[in-house]
Structure formats: structure tokens, C-alpha cells
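> I'd like to go over a predicted model; first the sequence, then the structure.
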Amino acid sequence: MAVAALGSAVALTVPVGAAQAAPTTIPEPRAASAAQAGSTASAASAARAAKAAVPAAWAAGTRAYLVITAPGDTTAVRTAVANNGGTVFASYDAIGVVVAHSTSTGFAPAMRAVSGVQQVGATRTSDVPADAYNPALPSNPSQSTAPSTEPVRSDMTQIKADQAWAVTTGSPTVKVGILDTGVDDQHQDLAPNFNAADSVSCAYGKADTRAGAWRDIDTHGTHVAGTVAAAKNGKGAIGVAPGVKISSVRIAEPGSTLFFAENTICGLVWAGDHGFKVTNNSYYTDPWQFNCPDNVDQAAILEGVNRAQKYAEGKGSLQVAAAGNANYDLANKTTDTSSPNDSTPVTRTITNDCLDIPAELPGVVTVAANGTSGSSKASFSNFGRNVIEVSAPGESVYSTVPGGKYASLSGTSMASPHVAGVAALLASANPGDTPADIRTKLGVQATDLACPSDSRCTGTTAVNSFFGEGRVDALKAVSGTTPPPGAYFENLTDVAITDHATVESSLTVSGVTGNAPATLKVGVDIKHTYIGDLKVDLVAPDGTVHTLHNRTGGGTDNILQTYTVNASAEVANGVWKLRVNDNANRDTGRIDAWNLTF
């Protein structure tokens, strides 16, 4: 699968224990399963959904293709599909994407020569399953007896969701789409908030609106749904936003539980057309972990899914996506060893132009996973400077699974729905906010997390490659208590740092009432060619010394970081100093600038 917690696109996964009590940790599957597609789209949605009749019969060797053209009327291109040995399976005119099937190996080259066709690409390296033409409905599992308790868990306290519920549990007018393996809508913790009217299967790339087509073909989607909005009903689990509505958009296919591009496109267009304020995407688009623009097939996948995302965003929907579970630096891509995951993976060289989608598409909130402490990176979580936007709990997350049961799973697939839940609370508190507004607030309100002693973590406490802008904060989302910037003081005068010398740079603080805060921000910009030589201290007006950096980092160049200091025992006004002590020969540098934010 391709799930952030699931597989290809998802995260880690461990066998799910049936347990309602003492659930075991379950890494998420590698990829997420998608919903099945079956029936012809209704007349109201014909402009964007499947317009052509389904082929009469499946044939071995049938492959799926995205045919990209100008948005609008795709009649001419659909006719060309039929004239070149293909069949139109679904058509999304609003974004200019046609999903075509063909058994001809010459179909794609022939279509690329058609006037008005911009791109054509195969979406898989395996045959389309016969189930696509007559999809079976997922089972409706019998339900276990509900547990009698509803404990508040550490993941919820870490993001202050338990405090947020005292303000609001979210608005029932806010709809969150769970684009995943499906959702068990009969689960006692999900049924109160489940919106069947806007639920669907998009497996195979076409909307299947039959009742129950949205149900879970795995466990992943139901687990994600519970983290977003399990009801606050005194039993089982509680979601981050237990007052909002959730809809299931199954985009994983049965058997493989893979999320192919046409399924993702169907799901995102559905989200835009059905008023989802937020969607959760805990998967990557199979079969390619990274889609590269220099490959004709993958270029079409990139274009098609990006158009669908832009369409949904333009309709007011914010996409939240898991970063993935390979402990991989998404800002420094070199190889891909797991693609294509629907046939035989090969090792290939890639660059940063190759994207994990939808997580790395413009406008999407990319989420990394925190470990159980709440302030560490989960060992499996992908990371990347200027890729990760925020983080959330992702280890041993307790939530709903099909059949009225509960289990603990780990993965960025589990982190992402925490963020989707906070986004839903923001949408509830600020109904007029656009997707861009919500995305910005998620970062601004997040709790800063400093880099651990790990050379792969680059950036400052405020923004870094492991946590982005920090761990999301549900309480700020509902209370509007994002603190305005505090009083700011800066010294831009260079101070030379010579061998075996101690130097200081001073700042005079005035006009600040009372003591300094417990979260005093100290921004440091030191240019030096061997920071392992340096000890850096903040000296308060009363002489109290707070050590910021103490000879770590070895031969790394420069210190560019924001530190958080508990200076609440010191009076704010007075002369503060940044003291730097060089403890070795040869390497020298300077204090380039430093600042204090109260």
C-alpha cells in the first residue's frame, strides 16, 4: 500500500491486536487501501465524474492511463481514446483529466500524438483488477461490546486537545474527509459523527456511491477516522475534534490496498465537490514512492494529482498529509528502492524534483511524527528542511479499528489525523478561514521543538527539518490565544571571536514590565568554522548564566539557531549579554547578530 502509516504511501504496520483493553503497538501499513469504484456517476456530477459507460467485460492485460488535456469539455479527447484502442473509465472535465483503460501497448504513444492531449501516463505497472468492472462491497463487520471507559491519552494531552474540548469539540457543520482504506461507519465511536451522504468509494478512479462502498477493507482508515473525530461519549476513544463530521472516501483497492493516482484524483475532486473543509491523506500515491517529472508516466501522475489538489483547495478544502515512515530526508533525495510497489521494485537514482504525493504538493500540510515523549522525532518518521510543516504524536496511538474494537498503531499516518483534527477545530472556530489561513495558523500556533543532538536536524527551534514549525496545538486553535510577537531586541554589530578568547555582545532591554518569560527566545547567528570549539552563554542583567551551546557539533560550521530559555527569575529590563568562549586553536569567527524576544 501507499499509506503514510500504511505502506507504500502509508506508515509502519504491525498486526492489529483485537483488543479493546491493553492494545499493542501496531505500525501502520506501508500503503493505504482505496475505495472501490463502480456505478456510473449521477447526472449532477457528470461533468467531473465518470461519464462513459463501463466497458462490458474485463480483459487480461488491461492497464490504466491518465490522459491530460485542457480543463473543460473533454469530448474530443474521450472520442480519441476510443479511436485509439482504449475505453474511457472516468472523466474529470473540471481539471481536464480522463481515466482510460486499454490492453494495447501502443495506446499511450498514440494518444500523445492526438491534438489537444497534453500528457499521457500509465498509473500502474500491473493490470487493472477485474473487480474494477463489478466491484464487490466491503464486508460490514459485526460489532464488539463497547468498553465502559474513555481515558484521556498522552497524545491528546501533548497537543492540548483535552483542554480544547472545554472550549469546543468542533462544529458539526465542518466536514472532514478520510481518504484512506475506508471507515467502519457502524463503530460505536464513529457512528455518531459519520456522514454517509458524502461518503464514497473511489477505488479504481471512479465514484461508487452505493451504500457501504466506503467501508474499510483494512483497519487503517478506521483508525485514522477515530483520531480525527471519535465521539466524546464516555467509551472507547476520543478524537481531536469529536464534534465535527467525518466522511469516508475509500481510495485503496481491495487485495492490494494500494492508492493509485486515479483513485487519489477521484477522492480529491470528490472532496472539493462535497464541501470537505479538511481531508486527511495518510498514504502516498502508488505505485511510485516518488514521482519524477522526467518520466512520462510519472509526469502525468504528478500533473493529474496536482490538478485535483488545486481543485479541492480552490473549493475550500485543506489537504493534510503524512510525510512517510522511511526515516528519509525528503529535502535530500538520492535513491528510491521500493518502487514500483505493484510489481517488482527496482533501485533508481532520484533528485528533489521527484515528489512524494500528495504530501509534497503545493498547498498540502506535510506532517512528521513525534515519538512518545511528544518532543522527539519518531524513529521511522521522514523529515526534511522546508518540507515538513508541523508534527504531531505518531507512536502507539490508540484509536478505533473495525468491528467496534480499538488498537494502537504507529506511523506518520497516525500523526497526520491529529493535525487534520486541529485543522477542523480551526475551521470550526473560524468559519470564514480559507485553506491558506488554516495552514498558516497551524504553523504559527504550533509549539516550537528544538532539534535533538542529531546532525540530520537542521534549522532553528522555531523551524527545523524534524518538526517544521513545531507540534500542533489544539487549545490555541479554539481559543484564539496565539500570542502576539513579544518585545524584540537585536544587536547586529559584529564581534570577532579569536582563538582562546572570551567575547561578549550586549543588548539593553527597556520598556518590558516585570520579569523575563519562561520562554524567552534567544536568536543566535554565529559564524565560525568549528563550533565544537565554542561555549555560548546568555548572561542576564543580574549575572545569571544560561548555557545555550557547550562545545557540541564538532567541525560543523556556524550556529544559526533560536534557543528557548526559562528566564522567569530574572528582571527583564537591563543589559543582557551573549558570551562566547573559544576553547581551541586555529578556527575563528564572529558573533554576526543575536536577538531576544520577550
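Sure thing, it's come through.

> Quick check: beta-bridge partners of the residue most central in space within the chain?
Central residue of the chain (CA atoms, centre = their mean): residue 321, 2.2 Å from the mean position. For residue 321, the beta-bridge partners under DSSP bridges are residue 281, residue 366.

> is it true that it touches residue 368?
No. The pair residue 321 and residue 368 fails to qualify as a contact (CB atoms under 8 Å) at a distance of 11.0 Å. Where C-beta positions appear, they are placed from N, C-alpha and C, glycine not excepted.

> residue contacts, the residue nearest to the centre of the chain?
If you count contacts by CB atoms under 8 Å, 6 or more residues apart in numbering, residue 321 has them with 4, 280-282, 358-359, 364-367, 416.

> Going by neighbour count, which of the residues you listed comes out on top?
Neighbour counts for those (other CB atoms under 10 Å) peak at residue 4, which has 43 neighbours.

> Do you know the pLDDT at that one?
Note for residue 4: predicted pLDDT of 48.

> Report the separation between the residue nearest to the centre of the chain and residue 363.
Applying CB to CB, to the nearest Å, the value for residue 321 to residue 363 is 10 Å.

> what does residue 155 give?
Per CB to CB, residue 155 is found 26 Å from residue 363.

> Which one's more surrounded, these two?
For residue 155 versus residue 363, the count of surrounding residues by other CB under 10 Å is larger for residue 155: 24 against 17.

> For that one, which residues are in contact?
Neighbouring residues of residue 155 by CB under 8 Å, 6+ apart: 374, 392-393, 397-398, 418.

> can I get the CA coordinates of the helix or strand hosting residue 303 in CSV?
Using DSSP states H and E, residue 303 falls within helix 296-314. Listed next in CSV are the C-alpha coordinates belonging to helix 296-314 (Å, rounded to 0.1, in the frame of the first residue of the first chain):
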residue,chain,number,x,y,z
VAL,A,296,6.5,10.4,-19.0
ASP,A,297,4.2,8.2,-16.9
GLN,A,298,5.1,9.8,-13.6
ALA,A,299,4.9,13.3,-15.0
ALA,A,300,1.3,12.7,-15.9
ILE,A,301,0.6,11.4,-12.4
LEU,A,302,2.2,14.5,-10.9
GLU,A,303,0.1,16.7,-13.1
GLY,A,304,-3.2,14.9,-12.6
VAL,A,305,-3.0,14.6,-8.8
ASN,A,306,-1.7,18.2,-8.5
ARG,A,307,-4.7,19.5,-10.6
ALA,A,308,-7.1,17.5,-8.3
GLN,A,309,-5.4,19.0,-5.2
LYS,A,310,-5.7,22.5,-6.6
TYR,A,311,-9.3,21.9,-7.5
ALA,A,312,-10.1,20.8,-4.0
GLU,A,313,-8.2,23.7,-2.4
GLY,A,314,-10.0,26.1,-4.7
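
> Pull out the buried positions in that helix.
For helix 296-314, burial by neighbour count (16 or more other CB atoms under 10 Å) applies to 297-313.

> For that helix, name the packing helices and strands.
With contacts defined as 3 or more CB pairs under 8 Å, 6 or more residues apart in numbering; DSSP states H and E, helix 296-314 has these neighbours: strand 63-69, strand 97-102, helix 107-112, strand 117-122, helix 261-273, strand 318-322.

> any residues touching the first one, and which ones?
The one in question is strand 63-69. When contacts are defined by CB under 8 Å, 6+ apart, strand 63-69 is touched by residues 77, 81, 86, 89, 96-103, 107-108, 111, 116-124, 127-128, 204-205, 260-262, 265, 300-301, 303-304, 307.

> From those, keep the buried residues only.
Neighbour-count burial (16+ other CB under 10 Å) applied to these gives 77, 81, 86, 89, 96-103, 107-108, 111, 117, 119-124, 127-128, 204-205, 260-262, 265, 300-301, 303-304, 307.

> Residue 354 versus the closest residue to residue 256 other than its chain neighbours, what's the distance?
Spatial nearest neighbour of residue 256, chain neighbours left out: residue 342 (6.6 Å); criterion: CB to CB, 6 or more residues apart in numbering. Distance, residue 342 to residue 354, by CB to CB: 18 Å.

> again, but for residue 394
According to CB to CB, residue 394 and residue 354 sit 24 Å apart.

> which regions of the stretch 451-598 of the chain sit below the pLDDT cut-off?
For the stretch 451-598 of the chain, applying pLDDT under 70 flags the ranges 480-486.

> So which residues of it form strands?
488-491, 495-497, 502-509, 520-528, 534-539, 545-550, 559-565, 574-582, 589-597 (DSSP state E, counting those that start in this stretch).

> how much distance is there from the first one to the middle of the chain?
Pointing back at strand 488-491 there. For strand 488-491, the separation from the chain centroid amounts to 35 Å (computed by CA atoms, centre = their mean, to the nearest Å).

> Tell me the strands beside that strand, with direction?
Strands that pair with strand 488-491, judged by DSSP bridges, come out as strand 589-597 (antiparallel).
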